[in-house]
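Asker: Give the three-dimensional model of this entry:
(chains A and B)
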Amino acid sequence: DAGVTQSPTHLIKTRGQHVTLRCSPISGHKSVSWYQQVLGQGPQFIFQYYEKEERGRGNFPDRFSARQFPNYSSELNVNALLLGDSALYLCASSGSGAWVNEQFFGPGTRLTVL
Amino acid sequence: AQKVTQAQTEISVVEKEDVTLDCVYETRDTTYYLFWYKQPPSGELVFLIRRNSFDEQNEISGRYSWNFQKSTSSFNFTITASQVVDSAVYFCALSDFDTGTASKLTFGTGTRLQVTL
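Answerer: The predicted structure follows:
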């Protein structure tokens, strides 16, 4: 089975632009979470979606938004990009039952804002 | 609020040495999960272990072992006979205990392990 996939792999934007990052969870997983990892730091929680509903939101401004589609894939949108948004954006999916709290991460999208 | 502290920023060892990565956590919850993830240079976070707060039994998996001490709020990770392939950043993380779906992970700042020949 394929793992968590994310696209694009790398992205370069300029300040003020908008960006959309995409994530496809492991087949059968209904929960998707997004994390931001700034260089040299641990990942910070941004959003969690479960069954297409927002289940949690981290301490990020309203410029950050997300959604989950009927096929459980997800998009993270960031508006009015700032230099400080440069980071590795990680998507994680989790299943149900015994695996409910094990989150499996994708390779990430590295966003550079110039 | 939950917090995870990994006081060791960087550790360098010579291959075949044993190394222990420290993790101390804070939470008001009585039940929770603890995790360790490995992040190689490629950037992908690789899941290593999940531990329930009500199970204090230590665990061994090959060269890896984990020591969970609820009394000191610590969840340390030991690599025995380290290898160059173990070089990576290791993250300790904490989450709520939720039987419905995964809860958000609170990560530490990571420990960079460098294993040289």
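Asker: what's the closest non-adjacent residue to residue 12?
Answerer: Just so you know, I chose chain A. With sequence-adjacent residues excluded and distances taken as Cβ to Cβ, 6 or more residues apart in numbering or on different chains, residue A:12 is closest to residue A:112, at 4.8 Å. (Each C-beta comes from the backbone N, C-alpha and C, glycine too.)
Asker: sorry, should have said chain B
Answerer: Excluding the flanking residues, the one nearest residue B:12 by Cβ to Cβ, 6+ apart is residue B:114, at 4.5 Å.
Asker: do you know how far residue A:80 is from residue A:86?
Answerer: Distance of residue A:80 to residue A:86, computed by Cβ to Cβ, to the nearest Å: 14 Å.
Asker: repeat for residue A:13
Answerer: From residue A:13 to residue A:86 the distance is 9 Å (Cβ to Cβ).
Asker: Need the overlap of contacts for the two.
Answerer: With contacts taken as Cβ atoms under 8 Å, 6 or more residues apart in numbering or on different chains, the residues that reach both residue A:13 and residue A:86 are A:111-113.
Asker: For residue A:80 and residue A:86, indicate the residue with more neighbours.
Answerer: Set residue A:80 next to residue A:86 and count neighbours by other Cβ atoms under 10 Å in any protein chain shown: residue A:86 wins out with 17 against 12.
Asker: can you pull the contacts of that one?
Answerer: Contact partners of residue A:86, counting by Cβ under 8 Å, 6+ apart, are A:38, A:111-113.
Asker: repeat that with 6 Å
Answerer: Neighbouring residues of residue A:86 by Cβ atoms under 6 Å, 6 or more residues apart in numbering or on different chains: A:112-113.
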